[in-house]
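In: my questions concern the predicted model and sequence given below.
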Amino acid sequence: MSKVWSGEGMTQEDFMKMDECILCDRSDKVIGSSSKSTAHVFNQENPRGLLHRAFSVFLFDSNGRLLLQQRAQSKVTFPNVWTNTCCSHPLYGYEPCEVDDDEAIASGTVPGAKAAAVRKLKQELGIDAHEVPVSKFKFLTRLHYWAADVVTHGKNSPWGEHEIDYILFIQADVNVDANPDEVMDTKYVTLSELREMMDPSSGLLWSPWFRIIAENFLPYWWADLNATLTTDKFVDVKSIHRFDPTEEHMGGGGNAGAWLGKSISPYAAQGAKSDSATRTGDRSLKQGSYGKVKIHKHSMLSQLLRLDEVAAALQMKYGNEMENRVDIRDENVAFCDRMLGLVSRSFAAVIRQLPSSLTLDIMVFYLALRALDTIEDDMQAFAGRESEKVRHLCSFYRTGLVDEKWRLAGVGEGDEATLLQEFHRVAAVFKSLPASSQIVIADITRRMGEGMAQYVEKDLGQGTMLVSDYDLYCHYVAGLVGEGLSRLFESSGYESEKVGAVCTTLANTMGLFLQKTNIIRDYLEDYVDGRTFWPREIWRQYTTCDDLGELAKPERITKSVHCLNHLITNALECVPECLDYLDLLQTKEVFRFCAIPQVMAIATLGELYNNPKVFTGVVKIRKGMAAKLILDSTSTVGVHKWFAYFAKDILGRIPSSDPNAAKTRAICEKIIKLTARNAAAAKQYALLDRSAMVMFALPLWMYLRTFNNSPVVNALALFVGYPSFVVLSKLISGRGIW
């Protein structure tokens, strides 16, 4: 039953026990209530406490000066700090009601937050209600932040704030009679005076939320106070602006680290280029979060010294290894083909080489899933509007995929943004596909979108919780792809019913293997973006606290590499089923399409294993090595050769001190055993090629020596002769490079 709130005779401890905060999710949907004390506890179970609603009042006098307060020393959280006029919480269960519903927020009226503001202005500052009527408050926007009170209570502080804060502006000349149990001091300031007070040399303490508001929001709101109060220039009822505190306010009882990202003013770039234009990015930096994270590349010299890889790269470039079989019958198909090459050079080649009656279906399927992935990955475009992202993900199969008028601007970066802006072209091609293909593509797009949506509003700043959660996410974003492809292969007649029968088992594992490899490789990139998938069930075994970022600290590198190897071992356990799936494929082009990503994945895991560089950037395999893998992935012999090669490579580098050494050794030995026969056959081919190389290169070397018997000529002979031989050998024999 609702009651009228009264603070008469109450202490700060009483308020903490008796006031009921309004709990909400990241989208500001009310999910319950909790005592103020429980909501503000930072511990291992809730590293940032419980997310709840708050309000911040900015009261200006008729001269445009802002009223500040210094919080009392008796306050449990953030005592002694200077902050804006009044910061507190709307409460649950009181009259007038302080719980705003969706309609109140959408209209910007928020009577609940305003009623709470009137209540607390009286209780804290003695300002009578008739001086600050609800009708005079202007609601601007909402801010989502958190901060541990480590300044007051030390590194392991049990207290902190985690709020969605309603910003309320009001201009009124009021009588202040501060409550000493709430407020130590008050002061009216101009903007320039505020900046002087906030200079570090002043020695004053400031609330972590007000410091960020004062830097990135307040100057814009204050610049033309009349416009802010009388127009909707700064009213934003849809967005929730999110930011982490500065580093000195991280930590606490749950050792919480970076999560929401750095605060960026939403107004600083106004008048500049449009959002989509300013976020086009550099195509060369797609891996590495468009320049946010270092990419560990192999030096040019180290690549040129591997002559077999140089030859493979030349063969890939000039040998016309994979013909483009896309039937460019109209401008929409041409757009799809062009976008395919821009958003994924690696997949573009293997899709284009598929049989002509299948390649268009797979291309549209890929572009549809890439569009979904772009929507899911964009953490900026939907900041504060996560429910809108969920809506797009869940409805894409019946909007973007089929509606030729559908557009989505300002989402994604570079070519991915262009894909979404002009996706109606893809939709037009989708409608031209066979009905059986449309059914499969729409079904997988629907299920993937719904699966992705489950993770949008989850706190993934510290990864998934359990390995089962990790596996489920990989299923939604990659396992379903394997299912869809298998169904398309069968329905098109290029593969048998056996392939369709394993679409939810072996094909799912194929997808999990690829996705786990990507997640392991992208540790730092994902952590920087505040959305990671390394399962806590695994990584928490290797850290001293609940911060995944600890793995990137140099002093923790030994444990970090052990954690890395644990996850790689987990991924390698997918390999036997992946090999079983590949054994079922009968069509050469389909086999190659499926095999190349799998071989790339095992090669990437070989590069990542025991490699501390994973924690300082994105690790990639050499381009020449990638070319060799592609050229060899035309047959089971070639594929098994490389799986055996990398399994042996990892096996030979397992540290005796690694806690997962036995498991890693066991799975590597199993892979080697499964591929032994074909790997041996590949070795025989290699011996034949080397013998022919000697027969070809030796006469050339002797010929060059007749000009000048010098080290330079000798090196030139080897450099020219060997790659030339390998390319010619391939052209003549039709086999891969062994």
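Out: Arrived safely, thanks for sending.

In: okay, now the unreliable bits of this structure?
Out: Across the chain, residues meeting the criterion (pLDDT under 70) sit at 1-2, 7, 268-293, 319-321, 345, 684-738.

In: that one: strands as residue ranges?
Out: For the chain, the strands defined by DSSP state E cover 3-4, 20-24, 30-35, 52-60, 66-71, 82-83, 86-88, 94-95, 138-148, 160-171, 183-189, 240-243, 295-296, 618-619.

In: how much space between Asp308 and Ile650?
Out: 21 Å (CB to CB, to the nearest Å). Yep, even glycine has a C-beta here, placed from its N, CA and C like the rest.

In: quick one: which of those two has more around it?
Out: Set Asp308 next to Ile650 and count neighbours by other CB atoms under 10 Å: Ile650 wins out with 24 against 18.

In: pretty sure the more buried one sits against Gly606.
Out: Yes. Contact status for Ile650 versus Gly606: in contact at 5.8 Å, counting by CB atoms under 8 Å.

In: ok, now how distant is Leu304 from His298?
Out: Leu304 is 10 Å from His298, by CB to CB.

In: then Val81?
Out: Using CB to CB, Val81 is found at 51 Å from His298.

In: what of Glu495?
Out: 37 Å.

In: cool, Tyr366 as well?
Out: Tyr366 is 28 Å from His298, where distance means CB to CB.

In: next one: Val618
Out: According to CB to CB, Val618 stands 13 Å off from His298.

In: can you check Ile127 too?
Out: Ile127 is 66 Å from His298, by CB to CB.

In: those two: who's more crowded?
Out: Each of Ile127 and His298 has its neighbours counted (other CB under 10 Å); Ile127 has more, 24 against 16.

In: distance check, the closest residue to the more buried one other than its chain neighbours against Ile667.
Out: Spatial nearest neighbour of Ile127, excluding adjacent residues (CB to CB, 6 or more residues apart in numbering): Leu121 at 4.3 Å. As judged by CB to CB, Leu121 and Ile667 stand 65 Å apart.

In: neighbours of the nearest residue in space to Leu419 that is not next to it in sequence, how many?
Out: Spatially, and ignoring its direct neighbours in sequence, Leu419 is nearest to Met339 (5.3 Å; CB to CB, 6+ apart). Using other CB under 10 Å, the number of residues around Met339 comes to 24.

In: cool, Ser492 as well?
Out: 20.

In: could you measure from it over to Lys187?
Out: Per CB to CB, Ser492 is found 75 Å from Lys187.

In: please apply the same query to Met625.
Out: 65 Å.

In: these two - which one has more neighbours?
Out: Summary of the neighbour comparison: Met625 and Lys187, criterion other CB under 10 Å, with Met625 having more neighbours (22 against 14).

In: quick one, what contacts the nearest residue to that one once chain neighbours are set aside?
Out: Spatially, and ignoring its direct neighbours in sequence, Met625 is nearest to Glu309 (5.7 Å; CB to CB, 6+ apart). Glu309 makes contact with Gln303, Arg622, Lys623, Gly624, Met625, Ala627, Lys628, according to CB atoms under 8 Å, 6 or more residues apart in numbering.

In: 10 Å instead?
Out: Neighbour list for Glu309: Ser302, Gln303, Arg622, Lys623, Gly624, Met625, Ala626, Ala627, Lys628, Pro723, Ile737 [criterion: CB atoms under 10 Å, 6 or more residues apart in numbering].

In: just the buried members of those?
Out: Gln303, Arg622, Lys623, Gly624, Met625, Ala626, Ala627, Lys628, Pro723, Ile737 (16 or more other CB atoms under 10 Å).

In: Ser432: which of those is nearest?
Out: Ala626 (33.3 Å; CB to CB).

In: the nearest residue to the closest one once chain neighbours are set aside: how many residues sit nearby?
Out: Closest residue in space to Ala626, ignoring its immediate chain neighbours: Met600 at 6.7 Å, by CB to CB, 6+ apart. Counted by other CB under 10 Å, the residues lying close to Met600 total 20.

In: return the distance of Asn255 relative to Met465.
Out: The gap separating Asn255 from Met465 is 17 Å, by CB to CB.

In: typo on my end, it should be Ile444
Out: 26 Å.

In: next: Ser34.
Out: 21 Å.

In: more neighbours, these two?
Out: Between Ser34 and Met465, counted using other CB under 10 Å, Ser34 has the larger neighbour count: 19 against 15.

In: doesn't Gly49 make contact with the more buried one?
Out: Yes. If you go by CB atoms under 10 Å, Ser34 and Gly49 touch, sitting 9.5 Å apart.

In: what's the overlap in contacts for the two?
Out: Cys21, His40, Val41.

In: the first one: how many residues sit nearby?
Out: Pointing back at Cys21 there. 25.

In: same deal with the last one?
Out: Here the count is done by other CB under 10 Å, and Val41 has 19 residues near it.

In: circling back: list residues touching both of Leu304 and His298?
Out: Common contacts of Leu304 and His298 (CB under 10 Å, 6+ apart): Gly624.
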